[in-house]
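**Q** what shape does this take:
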Amino acid sequence: MESKNQPMLQAIDLSKRYEDGHLALDNLNLTVETGQVYAMLGGNGAGKTTAINLFLNFIEPTTGQAVVDGIVTHEEPLKAKERIAYVSENVMLYPNFTALQNVDFFVKLGGKTKYTKEDYRKVLLRVGLQEEAHDRRLKGFSKGMRQKCGIAIAILKDAKAILLDEPTSGLDPKAAFEFIHLLNTLREEGKAILMSTHDIFRAKEVADIVGIMNLGKLVMQRTKDELVGEDLEKLYVEFMAGYMDEVA
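**A** This next block holds a predicted model:
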């Protein structure tokens, strides 16, 4: 499956049905190339987080494949995870560690031992965490500040692909603007980025491809060029309503 032109992330007929019969993801097909941002829009229960969890092999697919850089995640999970960095909506870090201590611990846990404290500080500043917060314990941090630490750890892992679950949740307008700028620079560095989000405005602003998901299905997919002049919020409402009419 190795190829120079293969997508960095690929869902192939990917489905997940749980033991209670709930179909959380229904035959998802999508690709994210190197240097591309793909935004998955959809409400709670749409299947966005399930798709990300399948790429991370937190769960196994019922049918189909999640593929990372040519590696099928449920067949070679450890090899696939070497190529992925992940930032969840609620970043789980140690509250009694400082920002620097958390970054140092989790980066080394991921096998990266070449970095200095100065490297950590530079990346924390890059993601928008002010210098006076670097030596503070996380138990006093806002949700947005914890997310910045998580994103710093993801950058230092230096993975080819970055998965983000609701990355702008809890960020104030200034921090959200800085985050979008950061995503643009990561894309320029060749990262493949797949993010789930409720933020229609940010999705249109930063994404190369936008997909709308509902009830486990990808009901719309458009490129940035195809969305020029379109009202994405109106499209979102129309596609969601139209799909609900179909399944009613």
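
**Q** can you give me the helices for the chain?
**A** Assigned by DSSP state H, the chain shows helices spanning 48-55, 77-81, 99-109, 117-126, 143-157, 173-188, 200-206, 232-247.

**Q** and the contacts of the first one?
**A** Just to be clear, that refers to helix 48-55. By CB atoms under 8 Å, 6 or more residues apart in numbering, the residues outside helix 48-55 that reach it are 9, 11, 14, 16, 24-25, 28, 40-42, 59-61, 66, 68, 73-74, 80, 84, 86, 163, 165, 194, 196, 213, 216. C-beta here means a position set from N, CA and C on the backbone, and glycine is covered the same way.

**Q** could you chop this protein up by domain?
**A** Under the assignment automatic domain parsing, the domains of the chain span 1-83+161-248, 92-158.

**Q** now the ones you listed in CSV, with mean pLDDT and mean neighbour count?
**A** Putting the domains of the chain into CSV (pLDDT from 0 to 100; neighbours: other CB atoms under 10 Å) gives the following:
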stretch, mean pLDDT, mean neighbour count
domain 1-83+161-248, 89, 18
domain 92-158, 91, 17
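
**Q** gap between Glu35 and Val87?
**A** Rather than Glu, residue 35 is Gly. Separation of Gly35 from Val87 (CB to CB, to the nearest Å) stands at 19 Å.

**Q** need the contact list for the residue most central in space within the chain.
**A** The residue lying closest to the centre of the chain (CA atoms, centre = their mean) is Leu164, at 1.9 Å. Shown in contact with Leu164 (CB under 8 Å, 6+ apart): 86-87, 193-197.

**Q** out of those residues, which sit inside strands?
**A** Within these, residues falling in strands by DSSP state E are 86-87, 193-197.

**Q** grab the nearest non-local neighbour of Ala175.
**A** Gly144 (5.2 Å; CB to CB, 6 or more residues apart in numbering).

**Q** is it true that the one you found touches Lys174?
**A** No - counting by CB atoms under 8 Å, Gly144 does not reach Lys174; the two are 9.9 Å apart.

**Q** about what we covered before: identify the bridge partners of the residue nearest to the centre of the chain.
**A** Residues in a beta bridge with Leu164, per DSSP bridges, are Val87, Met195.

**Q** distance of it from Gly111?
**A** In terms of CB to CB, Leu164 sits 21 Å off from Gly111.

**Q** isn't Leu171 right up against Phe179?
**A** Yes - here Leu171 lies in contact with Phe179, judged by CB under 8 Å, at a distance of 6.1 Å.

**Q** distance between the ends of stretch 61-77?
**A** By CA to CA, to the nearest Å, the extent of stretch 61-77 from end to end equals 13 Å.

**Q** other residues contacting it?
**A** By CB under 8 Å, 6+ apart, the list of residues contacting stretch 61-77 reads 1-3, 6-17, 25, 27-28, 51, 54-57, 60, 79-80, 83-84, 160-161.
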